[in-house]
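Novice: just coords:
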């Protein structure tokens, strides 16, 4: 356990916003929480959970206790002929864990390579990319109550996973700290590549024309290449990846839009809703590459808002609001933020 006072979060958030929090606390085990709660100063201030800071935008200094999980061990819980169950500490960087699974020949997480953040954030946000989501492989989530330290475990069906959301982001926000996550992954000979996302399938075919017996490493490498081409490096231009969620609209409204705007890229869901790429809407509204003060829409990918250098959180918020207003006006669609704005 480590406690830092008047702590700068600039290197703890991928937007590189330079703000401070009253306290920053790193927790590694269950017994840390009752000890911290016994401190009258700490217990009197609101506590906020943070993972790797890859899905958060700070707008001002905080009079809060920011809590993060340090525990980062990998344990093999069980295995059979086809599968292996790995329990992973929430503090482990997500990409490092994905890399570990690929190097061991396990199927399941290779489509989620190079997503920033920690393992603990995966179930909270139900992270997803290229036709895969965290909920596809998560079997259990172990949490610690931030008020009592009590341990509570959730099965996959208890987590209420949805599109970029879960029970931890909604009902238990800043109440339950994810401590460990268990994943069920397929062994090399028992799994197969997930190529339901057409652009990934095309990239694989171009990288490995005619190749039989694709491996998790092959998919991993292709995903990393695609992401590096599309998403700016946060070490150079601070960003949180996708800033907005892809909106869902009804079939009826989709038909109305195509009558006015022509063909619109989409993905039809099993509930007969139409998921529209937010990046396409942003490009069609003329925002790709545009900037507002030191905040900008990436020239690489319209869904990514970037800090060009010393941008304030409120600059990025204002840019996002301008984009939302334009798309609402042009398409009648409200873009919902995927990034959490901390005020």
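Specialist: Perfect, I can see it now. Bear in mind the structure is a predicted one, so any value in this text is a computation, not a measurement.

Novice: and the residue nearest to residue 145 when sequence neighbours are not counted, what's its pLDDT?
Specialist: Leaving aside its chain neighbours, residue 145 sits nearest to residue 176 (6.2 Å; criterion: CB to CB, 6 or more residues apart in numbering). C-betas here are computed from N, CA, C, even on glycine. pLDDT for residue 176: 97.

Novice: need phi/psi at residue 256.
Specialist: Per-residue torsions, residue 256: phi -60, psi -40 (degrees, to the nearest 10).

Novice: that one: neighbour count?
Specialist: 13 (other CB atoms under 10 Å).

Novice: equivalent analysis for residue 269, please.
Specialist: Neighbours of residue 269 using other CB under 10 Å come to 11.

Novice: neighbours of the closest residue to it other than its chain neighbours, just the number please.
Specialist: Using CB to CB, 6+ apart and skipping residues adjacent in sequence, the residue nearest residue 269 is residue 275, 6.1 Å away. Using other CB under 10 Å, residue 275 has 17 other residues around it.

Novice: for residue 275, grab phi and psi.
Specialist: Torsion angles, degrees, to the nearest 10, at residue 275: phi -90, psi 120.

Novice: what residues does stretch 241-254 touch?
Specialist: The contact list for stretch 241-254 (CB atoms under 8 Å, 6 or more residues apart in numbering) reads 14, 54-55, 115-116, 163-164, 231, 257, 264, 266, 269, 272-278, 281-282, 303-305, 320, 323, 332-339.

Novice: so which of these are in helices?
Specialist: 257, 278, 281, 282, 320, 323 (DSSP state H).

Novice: does the fifth one touch residue 338 like I think?
Specialist: Just to be clear, that refers to residue 320. No. Assessed by CB atoms under 8 Å, residue 320 is found out of contact with residue 338, at 10.6 Å.

Novice: isn't the residue nearest to residue 145 up against residue 149?
Specialist: No. Counting by CB under 8 Å, residue 176 stays clear of residue 149, with 11.2 Å between them.

Novice: tell me which of these two has more neighbours.
Specialist: Each of residue 176 and residue 149 has its neighbours counted (other CB under 10 Å); residue 176 has more, 22 against 18.

Novice: contacts only, for the more buried one.
Specialist: 143, 144, 145, 146, 152, 168.

Novice: against residue 83, how distant is residue 95?
Specialist: Applying CB to CB, to the nearest Å, the value for residue 95 to residue 83 is 22 Å.

Novice: could you do residue 17 as well?
Specialist: 41 Å.

Novice: of those two, which one has the most company?
Specialist: A direct count of neighbours by other CB under 10 Å for residue 17 and residue 83 places residue 17 higher, at 25 against 19.

Novice: number of residues surrounding residue 285?
Specialist: 19.

Novice: if you could redo that for residue 78, that was the one I meant.
Specialist: Using other CB under 10 Å: residue 78 sits among 11 other residues.

Novice: same thing with residue 24?
Specialist: Neighbours of residue 24 (other CB under 10 Å): 22.

Novice: what element comes up after the longest strand along the chain heading to the C-terminus?
Specialist: Identified as the longest strand of the chain according to DSSP state E is strand 176-186. Note on strand 176-186: by DSSP states H and E, the next helix or strand toward the C-terminus is helix 198-207.

Novice: other SSEs contacting that following helix?
Specialist: In terms of contacts (3 or more CB pairs under 8 Å, 6 or more residues apart in numbering; DSSP states H and E), helix 198-207 is packed against helix 216-230.

Novice: relative to residue 302, how far out is residue 243?
Specialist: Taking CB to CB, one finds residue 243 at 10 Å from residue 302.

Novice: so what's residue 56 closest to, chain neighbours aside?
Specialist: residue 340 (5.0 Å).

Novice: residues touching residue 322, list them.
Specialist: Counting by CB under 8 Å, 6+ apart, residue 322 has contacts 287, 292.

Novice: tell me the centre residue of this protein?
Specialist: residue 127 (4.5 Å; CA atoms, centre = their mean).

Novice: so that residue touches residue 112, yeah?
Specialist: Yes. Shown here, residue 127 and residue 112 form a contact pair, counting by CB under 8 Å, at 6.4 Å.

Novice: overlap in contacts of those two?
Specialist: 94, 134.

Novice: distance of the residue nearest to residue 145 from residue 112?
Specialist: In terms of CB to CB, residue 176 sits 23 Å off from residue 112.

Novice: swap in residue 35?
Specialist: Residue 35 is 35 Å from residue 112, by CB to CB.

Novice: same thing with residue 341?
Specialist: Taken as CB to CB, the span from residue 341 to residue 112 is 24 Å.

Novice: quick one, which of the two is more surrounded?
Specialist: Neighbours per residue, other CB under 10 Å: of residue 341 and residue 112, the larger number sits with residue 112, 24 against 14.
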